[in-house]
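Colleague: Following is a predicted model, sequence given first.
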Amino acid sequence: MKIIYSILTTLGAAIMFVSCGSPVEKAVGETEGTASGTNQLSLADVNTRTRSMDPIVTTATLLPTTNPQPTATVEPIVTPIPTASPKPTQTLVLIPTPTATPENYHTFINRNNGLIFVLPQTWEQKIESGGLQIFWSNADLMVLTAASSNQDLGYFVKNWFSNKPLFVETKRSEQRHMQIITGSLGMAYRQFVFIENAANDVSIFAFNANPDYLETYVPIFKGILDSIEIDASLIARTPTPSPTLTPPSIYTHVNGNQIPAKTVAGTNSCDQRFSDTAFCIELLIYEGVTEVHVQKAIDALKAIVGRYPVSESELKVTWPHFGPNGGIQNYLGYVIWNPETSSKTDIYDDLCMFRSISDSLHIKLEKDVCLSRVSGSLENTANGGANQGGAQLGHNGYVIHSATGLYETPLLSPAAPAKLLFKDPRKVAAHEYFHSYQDSHAIRIPGPAPASNQVPKTGPVWLMEGSAEYAAVRVSSLEGWMNWETQMKERMNVGENALAPYPNKFIAQHTTPEEKQTNDQKDPNMGHALSYELAIWAVAYAISISSQDAIMVNYWDDLEDYGYQESFRRNIGMSLKDFYISFREFRKQSLDQQYSSISSQIIE
Ligand SMILES: [Zn+2]
């Protein structure tokens with residue numbers, strides 16, 4: 001199948017780094033990683049801010065051009081819900097068949113259901129199996145028939161969209177017995193037209209366009225729409241029941257617990273050592289990784305999964321990618337590789353079992369495309385970092401990448417100089433796990449990922465990184481790997497020193513991926529302080545005026561219902577704006593005073 005990847009690239013560039021709920025997944029993260037190596041902020045610092053470079057194009061439209069497979073882009077037909085009282089057959093308006101079709105137009109007539117419409121003959125590809133599909137270079141149209149089961153058209157439409165949680169409706173209108181619903185699916189422009197046909201089924205027109213080419217295609221769509229008619233006289237007097245199209249069963253996703261058996265590395269089932277969380281965690285270990293390396297990851301995961309667990313119900317999605325009943329998006333692959341000895345082929349084979357597997361509904365992404373997308377975030381960890389990728393629509397699971405270099409970092413006594421412990425690999429691993437915890441609370445929020453100059457669905461960047469770092473340092477302290485007091489005090493010192501030359505820089509100016517990028521480029525130390533050192537303190541301070549659960553549990557649980565701003569307000573007890581004012585005041589206190597507010601936070 002030939003696919004226009006340039007569209008994906010274009011769309012992907014706009015959304016790839018924010019769409020997985022990972023606001024720091026900026027391209028600049030790469031640069032930062034390099035920068036941090038030269039300013040002694042390496043390892044722990046790198047790994048916490050070079051999260052997945054994996055392009056996430058879940059919302060991009062995949063538009064086949066020349067040779068689409070017959071089964072591509074077929075939307076599943078919603079299983080109709082029978083209504084209690086069948087409504088009487090609607091009298092159809094008979095409209096004369098157009099007598100003269102303009103040149104370069106083609107009239108389509110369906111003698112089974114009386115549907116007539118006209119299309120300009122500008123298409124590049126037409127497929128007539130599995131419903132009529134027309135492909136232009138940057139748009140497509142699919143015409144389907146679905147059994148209405150005697151449902152009222154309005155009810156049918158409602159039912160249809162109940163299965164499309166990610167469709168964002170922007171306009172709805174009625175015209176000559178047609179219901180016309182316009183909106184977007186991710187970045188793609190979509191328009192659906194529903195009309196009851198003369199066989200008492202519903203004919204559905206699904207238009208799909210690259211938003212950059214709306215000027216070209218909206219008039220075409222309108223022309224087609226205006227031509228749609230139902231002519232009952234086309235149907236024979238003893239009509240045979242019109243065949244209902246059954247969508248092909250091309251489902252790209254499976255429940256997470258089926259993935260371990262598909263990967264080469266790891267085991268064939270979810271790792272029971274981490275069963276305190278509903279993530280199905282699998283350790284994917286490759287050549288050249290020792291047991292000593294792996295043990296550090298195991299210790300970290302054991303320490304954090306039970307303290308910040310997700311539930312199965314939180315991981316349930318209604319995505320049609322899983323099939324008509326949705327599925328459980330719970331796989332978390334934890335990769336440990338050795339850049340010198342591990343087989344990249346094996347790693348990519350495994351990653352492409354669950355990462356970057358689809359672009360559009362029921363379209364499996366080709367292997368080479370997947371490889372190009374998963375390689376960057378893996379390679380990013382080669383020098384000892386780690387990163388995490390959330391499980392948005394195009395993926396069938398979460399991923400944490402880490403390389404042996406990370407685990408080579410020796411484990412030090414909690415009494416060692418506090419800053420040396422910033423690099424503790426167990427803390428880093430816990431930090432990345434918490435990013436999966438965060439992302440899992442936002443995967444069901446409908447609508448496209450916010451642009452990079454907007455706050456991600458999961459919340460401001462400082463809060464994402466600050467809470468992941470907080471969870472990691474807290475867990476490390478509870479496990480006796482670190483000392484809470486020396487760690488937190490050192491972080492405040494490092495953060496305030498980095499911010500000293502920038503009196504106007506504050507977490508309130510570090511909320512969007514774009515702001516983070518700007519700050520990191522201006523001064524990596526300053527950007528780092530706003531992502532981590534000051535951010536962890538902002539989270540600790542927020543807990544001191546609310547509770548552990550308020551910000552580390554309830555805030556995430558409420559994201560889906562309230563969005564980040566309202567979730568913050570109702571759980572912390574003040575708006576983000578007021579919180580910034582309050583935290584500014586807190587910063588003026590002495591370090592001992594500040595610490596006294598958070599000293600009890602590691603008591604379980
Ligand atoms: Zn992070």
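Modeller: Perfect, I can see it now.

Colleague: C-alpha only now, for contacts and for neighbours.
Modeller: Will do.

Colleague: Would you list the phi and psi of the closest residue to G114 other than its chain neighbours?
Modeller: Excluding its sequence neighbours, the residue lying closest to G114 (C-alpha to C-alpha, 6 or more residues apart in numbering) is D231, at 4.6 Å. Backbone geometry at D231, expressed as degrees, to the nearest 10, gives phi -120, psi 100.

Colleague: in the stretch 401-550 of the chain, which spans are strands?
Modeller: For the stretch 401-550 of the chain, no strands are identified by DSSP state E, counting those that start in this stretch.

Colleague: Distance-wise, check S162 relative to E312.
Modeller: Distance of S162 to E312, computed by C-alpha to C-alpha, to the nearest Å: 21 Å.

Colleague: At the geometric centre of this protein, which residue do we find?
Modeller: Q392 (2.6 Å; C-alpha atoms, centre = their mean).

Colleague: how is this structure carved up into domains?
Modeller: Domain segmentation of the chain under automatic domain parsing yields 5-61+252-602, 105-234.

Colleague: Redo those as a markdown table? Include mean pLDDT.
Modeller: Shown next, in a markdown table, are these (pLDDT from 0 to 100):
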| stretch | mean pLDDT |
| --- | --- |
| domain 5-61+252-602 | 86 |
| domain 105-234 | 85 |
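
Colleague: I'd like to know which of those domains is closest to the ion.
Modeller: The ion sits nearest to domain 5-61+252-602 of all these, at 3.9 Å, using C-alpha to the ion.

Colleague: got the phi/psi numbers for R111?
Modeller: phi -80, psi -10.

Colleague: what do you get for H253?
Modeller: Note on H253: its backbone torsions stand at phi -110, psi 150 [degrees, to the nearest 10].

Colleague: Next up, phi/psi of S269, please.
Modeller: phi -150, psi 170.

Colleague: Can you list the buried residues in stretch 532-541?
Modeller: For stretch 532-541, the neighbour count (16 or more other C-alpha atoms under 10 Å) marks Y532, E533, L534, A535, I536, W537, A538, V539, A540, Y541 as buried.

Colleague: for stretch 281-293, same thing?
Modeller: Going by neighbour count (16+ other C-alpha under 10 Å), the buried part of stretch 281-293 is I281, E282, L283, L284, I285, Y286, E287, G288, V289, H293.

Colleague: same check, this time on stretch 324-344
Modeller: Within stretch 324-344, the residues scored as buried using 16+ other C-alpha under 10 Å are 324, 326-339, 342, 344.

Colleague: again, but for stretch 574-590
Modeller: M574, L576, F579, Y580, F583, F586, R587.

Colleague: Could you do stretch 126-138 as well?
Modeller: Residues K126, I127, G130, G131, L132, Q133, I134, F135, W136, S137, N138 are the ones in stretch 126-138 that count as buried (16+ other C-alpha under 10 Å).

Colleague: What are the buried residues along the strand or helix carrying C370?
Modeller: Per DSSP states H and E: C370 is located in helix 367-379. Within helix 367-379, the residues that qualify as buried are C370, L371, R373, V374, S375, S377, L378, E379, counting by 16+ other C-alpha under 10 Å.

Colleague: Looking at those, which is nearest S275?
Modeller: Distance ranking of those against S275, using C-alpha to C-alpha, places L378 first at 25.7 Å.

Colleague: Tell me which other helices or strands the lengthiest helix in the chain touches.
Modeller: The longest helix of the chain (DSSP state H) is helix 461-478. For helix 461-478, the elements it packs on are helix 291-305, helix 425-440, helix 484-499, helix 534-545, judged by 3 or more C-alpha pairs under 8 Å, 6 or more residues apart in numbering; DSSP states H and E.

Colleague: So which residues make contact with the third one?
Modeller: Outside of helix 484-499, the residues that reach it under the criterion C-alpha atoms under 8 Å, 6 or more residues apart in numbering are 418-419, 473-474, 477, 505, 525-526, 529-530, 533-534, 537, 591, 595, 599, 602.

Colleague: hmm, back to that, let's have the domains of the chain in CSV, adding distance to the ion.
Modeller: CSV is the format used below for these (distance: least, C-alpha to the ion, whole Å):
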stretch, distance to the ion
domain 5-61+252-602, 4
domain 105-234, 25
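
Colleague: Tell me which of these is the most buried.
Modeller: Ranked by mean neighbour count, the domains of the chain are led by domain 5-61+252-602 with a mean of 21 (mean count of other C-alpha atoms under 10 Å).

Colleague: What helix or strand is the residue lying closest to T277 once chain neighbours are set aside located in?
Modeller: Excluding the flanking residues, the one nearest T277 by C-alpha to C-alpha, 6+ apart is P309, at 4.3 Å. Following DSSP H and E, there is no helix or strand that holds P309.

Colleague: Please enumerate the helices of the stretch 101-250 of the chain.
Modeller: 153-162, 214-227 (DSSP state H, counting those that start in this stretch).

Colleague: other SSEs contacting the longest one?
Modeller: Judged by 3+ C-alpha pairs under 8 Å, 6+ apart, the packing partners of helix 214-227 are strand 115-120.

Colleague: so how far is L283 from the residue nearest to L412 when sequence neighbours are not counted?
Modeller: Leaving aside its sequence neighbours, L412 sits nearest to L421 (C-alpha to C-alpha, 6+ apart; 6.9 Å). L421 sits 24 Å away from L283, going by C-alpha to C-alpha.

Colleague: same deal with L351?
Modeller: For L351, the distance to L283 equals 12 Å [C-alpha to C-alpha].

Colleague: beta partners for L144?
Modeller: Assessed by DSSP bridges, L144 has beta-bridge partners I204.

Colleague: Just list the residues touching it, thanks.
Modeller: Contacts of L144 by C-alpha under 8 Å, 6+ apart are G131, L132, S203, I204, F205, L245.

Colleague: these two touch, right, the first one and L141?
Modeller: What that stands for is G131. No: G131 lies out of contact with L141 (C-alpha atoms under 8 Å); the separation is 10.2 Å.

Colleague: Test my guess that Q388 contacts N380.
Modeller: No: in this structure Q388 lies outside contact range of N380 using C-alpha under 8 Å: 10.9 Å.

Colleague: and Q565, what is it in contact with?
Modeller: If you count contacts by C-alpha under 8 Å, 6+ apart, then Q565 has G459, S575, L576 around it.

Colleague: quick one, phi/psi of the last one?
Modeller: Here is the backbone geometry of L576 (degrees, to the nearest 10): phi -60, psi -40.

Colleague: Same question for the first one.
Modeller: Recorded main-chain torsions at G459 are phi 130, psi 180, according to degrees, to the nearest 10.

Colleague: Now do the contacts for the residue nearest to it when sequence neighbours are not counted.
Modeller: Once flanking residues are discounted, G459 sits nearest to Y564: 5.2 Å by C-alpha to C-alpha, 6+ apart. Listed by C-alpha under 8 Å, 6+ apart, the contact set of Y564 reads K457, T458, G459, Y555.

Colleague: so which helix or strand takes in the last one?
Modeller: The one in question is Y555. helix 555-557.

Colleague: From the chain's centroid, how far away is that helix?
Modeller: 17 Å (C-alpha atoms, centre = their mean, to the nearest Å).

Colleague: Could you do stretch 131-141 as well?
Modeller: For stretch 131-141, the distance to the chain centre is 26 Å (C-alpha atoms, centre = their mean).
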